[in-house]
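K.L.:
predicted model follows, preceded by the sequence.
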Amino acid sequence: MSTTTASKPGPVGGAIERVDRTGKLIYGFLRRIPTWVLWLMVIVWSIPASSLFLNSFRTRDAQRNSGWWESFNEGGWTLANYSEVLGTEQTGGLARALVNSFAIAIPATVIPVAIAAMAAYAFAWIKFRGREWLFIVFVSLLALPNQVALLPLLQLYAGGAHWTIPGTEFTLTLFPDFDLAGSATAVWLTHTAFALPFAVFLLHNYISSLPGELFEAARIDGADHVTIFWRLVVPLSVPALAAFTIFQFLWTWNDYLVAITMIGSNGEAWPATIRIASLAGEFGLREHVLSAGAFVQAGVPLIVFFALQRFFVRGLLAGSVKS
Amino acid sequence: MGALGGALIGVVIAIGASAALFSGANWLFDLAVDRWRTFLAASCALVGALVGAVIAGNDVAGGPLWLWAVIGAAVGAAAGLAASLLGTPSKPRRTRLSERGRLVTFLGPSLLFVALGLVIPLLRSIYLSLLDSRAEAWVGLANYGEILTNPNSLDLSGWTEIFTSRLFYAALVLIAVGLGIGMAVGRRRGRAMEALPGSVGPIAIGLFVLSFAVFTTLRGTVINNLWWVVVVTGLSTALGLAAAVLADGVRGESVAKSLIFLPMAISFVGAGIIWRFMYIARPPQKPQTGFLNAIWVWLGSLRPRTTGAWVAVLILALATVLLAGLCAFGVRRRQTAFAIGAAVTAVPLLWLIYRFLGPGLGGSVPGPTGEPIAGTILFLQEAPFNNVWLMVVLIWIQTGFAMVILSAAIKAVPSELIEAARVDGATERQTFWNVIIPTIIPTITVVATTLIVLVMKVYDIVKVMTAGNFGTQVIANEMWQKAFTELNFGLGSALAVVLFLAVVPAMAFNIRRTQRADA
């Protein structure tokens, strides 16, 4: 790519050649810069998490008195932080919080996948009036900030919905009070609603690109929508379903906003994110277990991430770039 | 483990009930075609049971719920049977009804959740935002007026100071340099302006610095949100693009990309905790345990005219000479942009040399005895730049997202296009700027839009790291505090609606994109 100047032999040409060789040397050095910059960036990006990871294995005193970079000389390694943070409510209580996290993330993943796949199939392959604009509604809800729904939903969970018929004393219960506020159920119900626009959009992108002749043939053979959906669409859409499942699981596992809103101060039902955030809020008191706590909370998503990165990336791509 | 057991049983029941409902509905609509009478009786019984339950649930009539449900079902079934005696609709009509019902079973659950969980709450939020704090009296737009006039959320009073800040002048210089280069190169090529890295780069950085001049002067929650959007969207996209380009085809590409992408798997809360440890500041006489302050204090301990400082100056001087050489090389090769890039990179190095020789660099402040002692940066407390340190956390997370999407887009650029450019004699850099970048512009727009929507709602990071104190409040955190801590439903809803209005352009963009893709 560098243009070589044809140089004549002789004193002048020799000088030019020498300068040119220096130039090439510098040019070669320059060509390598991008790679160096990339690895520098990788190191910078890795420092925060790996330094906290090191710290999580250091004793309270070691953490308080020196930085993690000293740990290679000083030692002071321990696993006590992990047992402490997983232990009782007084020392951390993260074991219970992890269970709660699963209790929220599993239904909040399984249910949206199931009902969104059905809706995506309907949008893609069942013709009905108003299909386009209904789908537009779903797409426009993609960007809706969850904050606009939090307060009304909490009111709905806490007291149901009632309507006093104007001019009368009679109050009609539109939605009964199931006493959901403060429970994991309220959290995953909310997650299900919030996830649907994205889920339908992502799965629709995939399902609508499946070969239509296949479904036509199945219909001619007498298969109804349920059979087609169950026997053809679901098996063929496994990549997209897996991508969304992983994406949604990570999202709900890592969620803090919905959980703190719907559960509030009911520590029994707190997922891991709220637990470590409350540890962080105590400023210094139990700071030595905080790094261990952060890694216990991040452990599940990191395992999922490393094991299934391909699917996760595919989910992101399908969700943001229409192929 | 009781909680998990209970939850799992709940999940199994929920899924089982949904599956039963789904197959029950399908079975029902199967009946509609072949056994009209059974279908009519069963569906009327269902409606009757529901009506009975509603009546009992609202205490219109006494008695247990189940009793009224059974009575309703019986009445409904009888009515259905009676109606079926009147005649049976033709087969095509029954088939159509069955198809309609099938559609409802497919779409119904999603529509129900979206309506109950998103659409109706959105409308109710808008309604609540027009009421007072106890959601009792109509106050019109007073809550929105409060947001716009409260100095905590929007304080424009210091706007004249924009024009006296150093950032402002730095921005003007950068923009002028960029325009100058663009016009100079453009004149040579017979155009008014030439868009090339040497001109676009300084202008972009200049505008970025200009935004800093504005956002550090004007204060308030709304301003903070805009600042977050500009900085996080801009830097995440730019760094993600850089990482995607740099990693393309390099040995170890997947490892590098995995490590940059890894923060995406960590929760915002976890990331906030991770970075809090990076930002720790301890009293100056104690050893620093936060990585960034440790570096800062170490730099400060390199006093002017000591061995350490001289070594640093030597290294910096060598680097500067090297850059000067590169600049000369660029001029010789007629690569203006390249020469300017080298020269611009040398400027901060010169500044560092000056600091080392002169006032000293890094965390060093005069102590009580006049001897310099370590000075730390209170990353989370010192306004207004603590906002930037919080943004770093989100940039750290979202760069991986931008990188993954843009990397896929770069790899999807048709190789014939690149080959054709190469055959035409384009250099690698020209290929990049004139072929690859224009091809992936739509993807860059998508990434930026996604990030804008995400950054607009930033909440967890601020909550965990500063709880909105020290001038770092953002709308989402303010909304949560107002609605759920202070129980000011009117103002809380109004703030939520402001967030909603802020993403309406992004919604329109999404809709347009979908419509174009369908066409």
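P.N.:
That came in fine, so what should we check first?

K.L.:
I'd like to know how many residues surround B:Leu499.
P.N.:
B:Leu499 sits with 22 neighbouring residues when counted by other CB atoms under 10 Å in any protein chain shown. (Glycine included, C-beta is placed from N, CA and C.)

K.L.:
check B:Ala82 too.
P.N.:
12.

K.L.:
then B:Ser157?
P.N.:
Other residues near B:Ser157 number 12, with proximity taken as other CB under 10 Å.

K.L.:
where does it sit: helix, strand or coil?
P.N.:
The assignment at B:Ser157 comes out as coil when based on DSSP: H, G, I helix; E, B strand; the rest coil.

K.L.:
ok, it to chain A distance?
P.N.:
Plainly put, B:Ser157 is 28 Å away from chain A if you go by CB to the nearest CB, to the nearest Å.

K.L.:
tell me the contacts of the residue in the stretch 1-150 of chain B that chain A sits nearest to?
P.N.:
The minimum distance from the stretch 1-150 of chain B to chain A, using CB to the nearest CB, falls at B:Gly117 (2.3 Å). The neighbours of B:Gly117, taking CB atoms under 8 Å, 6 or more residues apart in numbering or on different chains as the test, are A:Ala149, A:Leu153, A:Leu189, A:Thr190, A:Thr192, A:Ala193, A:Phe194, A:Leu196.

K.L.:
how about 6 Å then?
P.N.:
When the contact criterion is CB atoms under 6 Å, 6 or more residues apart in numbering or on different chains, the partners of B:Gly117 are A:Ala193.

K.L.:
got it, and B:Phe212?
P.N.:
When contacts are counted by CB under 6 Å, 6+ apart, B:Phe212 is found next to B:Leu167.

K.L.:
helix, strand or coil for it?
P.N.:
Following three-state DSSP, the label given to B:Phe212 is helix.

K.L.:
any idea how far chain A is from it?
P.N.:
In this structure, B:Phe212 lies at 21 Å from chain A, with CB to the nearest CB as the measure.

K.L.:
quick one, strands of the stretch 151-300 of chain A?
P.N.:
In chain order, the stretch 151-300 of chain A shows strands spanning A:161-164, A:171-175, with DSSP state E, counting those that start in this stretch as the criterion.

K.L.:
would JSON lines of those strands with distance to chain B and mean pLDDT be doable?
P.N.:
Putting those into JSON lines (distance: least, CB to the nearest CB, whole Å; pLDDT from 0 to 100) gives the following:
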{"stretch": "strand A:161-164", "distance to chain B": "9", "mean pLDDT": "78"}
{"stretch": "strand A:171-175", "distance to chain B": "5", "mean pLDDT": "76"}
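
K.L.:
helices or strands next to the helix or strand containing B:Asn143 in the packing?
P.N.:
Counting by DSSP states H and E, the element that carries B:Asn143 is helix B:142-149. Under the contact criterion of 3 or more CB pairs under 6 Å, 6 or more residues apart in numbering or on different chains; DSSP states H and E, helix B:142-149 touches helix B:489-518.

K.L.:
what are the buried residues along the helix holding B:Asn143?
P.N.:
Neighbour counts over helix B:142-149 (16 or more other CB atoms under 10 Å in any protein chain shown) mark B:Asn143, B:Tyr144, B:Glu146, B:Ile147 as buried.
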